[in-house]
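Participant: Kindly generate the corresponding structure for this input.
(4 chains)
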Protein chains: 2
Amino acid sequence: MDALSTTFQALADPTRRAILARLALGETSVTELAAPFAISLPGISKHLKVLEHAGLITRSRDAQWRPCRIEPKALMSVDTWLEEYRALWNARFDRLEDYLKALQARPKSRRRRK
Amino acid sequence: MDALSTTFQALADPTRRAILARLALGETSVTELAAPFAISLPGISKHLKVLEHAGLITRSRDAQWRPCRIEPKALMSVDTWLEEYRALWNARFDRLEDYLKALQARPKSRRRRK
DNA sequence: CTCGTACTTATCTAATCAGTTAATTATCCA
DNA sequence: TGGATAATTAACTGATTAGATAAGTACGAG
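Facilitator: The predicted structure follows:
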């Protein structure tokens, strides 16, 4: 599977995105990451493996803890992918802007009540 | 399933992303979309259904053709989601920038050869 | 009113996935 | 050394998915 597909796949799960959101605040342990969820620890462990495999996090070791850290690179590649499409909604917005400007410049019907 | 998960799920496939890339150039028919792929037409039809369900495309009807059009809204929501994390890599970049500036301001060792 | 074109729906299969419990590994501390 | 704590691996289950083929629907042209 290609890298971008793996990344999107990893992001396609609310638990994993919540884990990322937590990790955006700073490095933390697996147990602490698991706390907010009604999911067994092995379940969380699996999610972390998916995130790690996608390059979204890295894991180190501190005694018996395995602190997780968010890894921006994979998210940056999503951002880069999106870049191709941003023109799309900017274009639409521009057209809307033009339309609104045109509307203001020469209104076909002067706004009367309502 | 929540909207964002559905969107990411839909994007987690290279065929579907290629279809989106094609649609970014403009509306087109299913057969034309299918042409570049070694996948049966029903297979493509399924992919389109996934994209449509994720709000990434819309489909209309023109005689026996079902032209597909890219729908920026869903991509915008990905962009919005990413926004929370952009600070992350900007922060890291800033730190790097600071480091580089500091390095340039007061170099601990004047660069001699190499 | 059939024929061809464009596409979808139905059904099946093999693979992957999210979740579970039970067992295992690794490290610290007394 | 022998717990206690932190986390992983193993093995299983039910659900979903990407792909296929075969059959069906919708429309226009002649």
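
Participant: which stretches of chain A form strands?
Facilitator: Remark: strands assigned in chain A by DSSP state E are A:57-59, A:68-70.

Participant: Of those, give the one that comes closest to chain B.
Facilitator: Checking the strands of chain A against chain B by C-beta to the nearest C-beta gives strand A:68-70 as the closest, at 6.7 Å. Backbone N, C-alpha and C define where each C-beta goes, glycine included.

Participant: Which elements pack onto the top helix by length along chain A?
Facilitator: Scanning chain A for the helix with the most residues, using DSSP state H, yields helix A:72-105. Judged by 3 or more C-beta pairs under 8 Å, 6 or more residues apart in numbering or on different chains; DSSP states H and E, helix A:72-105 is in contact with helix A:3-11, helix B:14-24, helix B:72-105.

Participant: of all the ones you listed, which lies closest to DNA strand C?
Facilitator: With C-beta to the nearest atom of the strand as the measure, helix A:3-11 is the member of the helices and strands packed on helix A:72-105 nearest DNA strand C (5.8 Å).

Participant: can you pull the buried residues of the closest one?
Facilitator: For helix A:3-11, burial by neighbour count (16 or more other C-beta atoms under 10 Å in any protein chain shown) applies to A:4-11.

Participant: Can you tell me which residues in chain A are near DNA strand D?
Facilitator: Within chain A, the positions near DNA strand D by C-beta under 7 Å from any atom of the strand are A:29-32, A:41-42, A:44-46, A:48-49, A:59, A:64-67.

Participant: Most neighbours among those residues, which one is it?
Facilitator: A:Leu48 (21 neighbours; other C-beta atoms under 10 Å in any protein chain shown).

Participant: Now do the same contact list for the nearest residue to A:Met1 once chain neighbours are set aside.
Facilitator: Leaving aside its sequence neighbours, A:Met1 sits nearest to A:Gln9 (C-beta to C-beta, 6 or more residues apart in numbering or on different chains; 7.6 Å). Going by C-beta atoms under 8 Å, 6 or more residues apart in numbering or on different chains, A:Gln9 touches A:1, A:50, A:54, B:8-9, B:12.

Participant: Which one of those residues is nearest to B:Val78?
Facilitator: B:Phe8 (7.4 Å; C-beta to C-beta).

Participant: who touches the nearest residue to the closest one once chain neighbours are set aside in this structure?
Facilitator: Closest residue in space to B:Phe8, ignoring its immediate chain neighbours: A:Ala12 at 3.7 Å, by C-beta to C-beta, 6+ apart. Shown in contact with A:Ala12 (C-beta under 8 Å, 6+ apart): B:5-6, B:8-9, B:11-12.

Participant: hang on, the earlier thing: also near DNA strand C: which of the contacts of A:Gln9, exactly?
Facilitator: Counting by C-beta under 7 Å from any atom of the strand, A:Val50 from the contacts of A:Gln9 sit close to DNA strand C.

Participant: Need the contacts of A:Gln9 in a markdown table (columns: distance to A:Leu82).
Facilitator: What follows is these, written out as a markdown table (distance: C-beta to C-beta, whole Å):
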| residue | distance to A:Leu82 |
| --- | --- |
| A:Met1 | 20 |
| A:Val50 | 21 |
| A:Ala54 | 17 |
| B:Phe8 | 12 |
| B:Gln9 | 16 |
| B:Ala12 | 14 |
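
Participant: What pLDDT is listed against the residue nearest to A:Trp81 when sequence neighbours are not counted?
Facilitator: Distance criterion C-beta to C-beta, 6+ apart; nearest residue to A:Trp81, sequence neighbours excluded, is A:Leu4 at 6.0 Å. Here the pLDDT value assigned to A:Leu4 is 98.
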